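[1] Model the structure of this input:
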Amino acid sequence: MKYLSVNGEFQTVKVIEKSRFITTSAHVKSEAEAKEFVSRISAKYADATHNCYAYVCDSLGNFLRFSDDGEPQGTAGIPILEVIRNKKLFQTAVVVTRYFGGIKLGAGGLLRAYSGCAAENLDGAQKVSYELCAESVYTVGYTETDAALRFFGERGADLNGTEYANEVNFTVAVKKDEEEDFNSALLNRLNGRVRIVKKKEYFYPFKV
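    From the prediction side, this is the model:
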């Protein structure tokens, strides 16, 4: 199983009919993280007219929440949530902050504004694919170091740590379904001059 999410926090600003909309998105791993994110953004913009939000805080899409925060029912929270779901994002929270500019948008205008701001923000945010990965320690001699690093770069592996001792130990995460081919290709590249010790498997955010 794999799922798509945003990486870190991302913010966009848009003015619609003199109202300023500040949209902030973030990766959240749990309901507690989602609530903390919403509270933090709402506190940051405590003087705003509205801080509307939606989030999907699990990897299956079953745990979700939304709020119109005083806007007419159904014009903010649900439209934001629908954008998250339509883009097939999980563990993702979005807060759209509105500073009212004096011109009413009407229900349809509000729906378009909140969904449009959320979509624009999420389109610009960096995405990551959370996939089951295998993390191993690859031990090579100093003469094989450059070749190993080039190989890791070519294969798009994530280098999570490097330890220089009598030999060089690279801690590397690769996608689980690519592990066997990756190890075989590395052994071939280095003519067998590498030791591989598998450490663990877990979900890891690979850039897309």
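[2] count of neighbours near Glu82?
    17 (other C-beta atoms under 10 Å). Every residue, glycine included, has its C-beta placed from N, CA and C.
[3] and if you look at Ala26?
    Using other C-beta under 10 Å: Ala26 sits among 25 other residues.
[4] Also Ala134?
    21.
[5] ok now do Tyr142, which residues does it touch?
    Applying C-beta atoms under 8 Å, 6 or more residues apart in numbering to Tyr142 gives the contacts Glu167, Val168.
[6] The chain: strands as residue ranges?
    Listed in chain order, the strands of the chain (DSSP state E) span 2-6, 9-16, 19-27, 50-56, 64-67, 92-99, 127-140, 158-164, 168-175, 195-207.
[7] Of all those, which one comes closest to Arg189?
    strand 127-140 (10.6 Å; C-beta to C-beta).
[8] In terms of secondary structure, what does the closest one contact?
    Packing partners of strand 127-140 (3 or more C-beta pairs under 8 Å, 6 or more residues apart in numbering; DSSP states H and E): strand 2-6, strand 168-175, helix 179-189, strand 195-207.
[9] re the thing from before, would you turn the strands of the chain into CSV with distance to Val83 and mean pLDDT?
    As requested, the strands of the chain are exported to CSV (distance: least, C-beta to C-beta, whole Å; pLDDT from 0 to 100):
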stretch, distance to Val83, mean pLDDT
strand 2-6, 12, 94
strand 9-16, 13, 97
strand 19-27, 10, 98
strand 50-56, 8, 98
strand 64-67, 11, 97
strand 92-99, 7, 98
strand 127-140, 14, 94
strand 158-164, 29, 93
strand 168-175, 28, 94
strand 195-207, 21, 91
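[10] now the ones you listed as TSV including distance to Asn188?
    Listed next are these as TSV, based on distance: least, C-beta to C-beta, whole Å:
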stretch	distance to Asn188
strand 2-6	27
strand 9-16	40
strand 19-27	36
strand 50-56	42
strand 64-67	46
strand 92-99	40
strand 127-140	14
strand 158-164	20
strand 168-175	16
strand 195-207	13
